[in-house]
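In: quick one, what's the 3D model for this:
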Amino acid sequence: MTFARAISVRDVSLSIFAAGLALGVGALPSSADEPVKVSITLKDHKFSPAEPTAPAGQPIVLEVSNQDGTPAEFESKVFRVEKVIVGGGTVTINLRPLKPGRYRFFDDYHEATTEGFLVVQ
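Out: Numbering: from 1, shown residues only. Below is the predicted model of the structure:
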């Protein structure tokens with residue numbers, strides 16, 4: 001009878017441990033690894049918004065839509081990104097988690113007049 005009771009207590013202890021482990025894993029915040037989507041449009045050689053915001057410490061997906069009829073080249077030296085966007089097209093750019101700051105981007109075909117800043121807070 002002692003042996004049967006020891007197994008029962010052991011089984012119960014393992015079940016409690018497994019349930020606690022499952023609850024602990026389930027309670028971890030999943031949003032820390034999920035990317036934040038930031039949409040930017042390019043029209044009349046201007047970015048809108050010119051200073052989009054994103055949270056610090058999370059991956060970021062930039063979606064850049066070119067509403068002009070001519071191609072543009074989204075570029076950022078700090079992101080190490082150069083992407084040609086055909087007229088009427090959209091590109092997606094995946095960025096690693098960033099520290100708070102202001103990160104410059106521009107249209108390489110019209111750099112003097114077309115720039116923006118991703119503001120990470």
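In: how's the chain carved up into domains?
Out: 1-30, 36-120 (automatic domain parsing).
In: which one of those has the poorest average confidence?
Out: Looking at the domains of the chain, the lowest mean pLDDT belongs to domain 1-30 (a mean of 50).
In: now do the strands in this protein.
Out: In the chain, the strands defined using DSSP state E lie at 36-43, 46-48, 53-54, 60-66, 72-76, 81-85, 90-95, 101-107, 115-120.
In: in contact with the closest residue to Gly69 other than its chain neighbours, which residues?
Out: Once flanking residues are discounted, Gly69 sits nearest to Gly87: 4.4 Å by C-beta to C-beta, 6 or more residues apart in numbering. (C-beta placed from N, C-alpha, C; glycine too.) Going by C-beta atoms under 8 Å, 6 or more residues apart in numbering, Gly87 touches Asn66, Asp68, Gly69, Thr70, Pro71.
In: ok, now Glu63?
Out: Glu63 makes contact with Lys37, Val38, Ser39, Ile40, Thr90, Val91, Thr92, Ile93, according to C-beta under 8 Å, 6+ apart.
In: determine which stretch of the domains of the chain is the most buried.
Out: domain 36-120 (a mean of 16; mean count of other C-beta atoms under 10 Å).
In: how close does the residue sitting nearest the centre point of the chain get to Lys83?
Out: Per C-alpha atoms, centre = their mean, the C-alpha nearest to the average position across the chain is that of Ile60, at 2.1 Å. As judged by C-beta to C-beta, to the nearest Å, Ile60 and Lys83 stand 15 Å apart.
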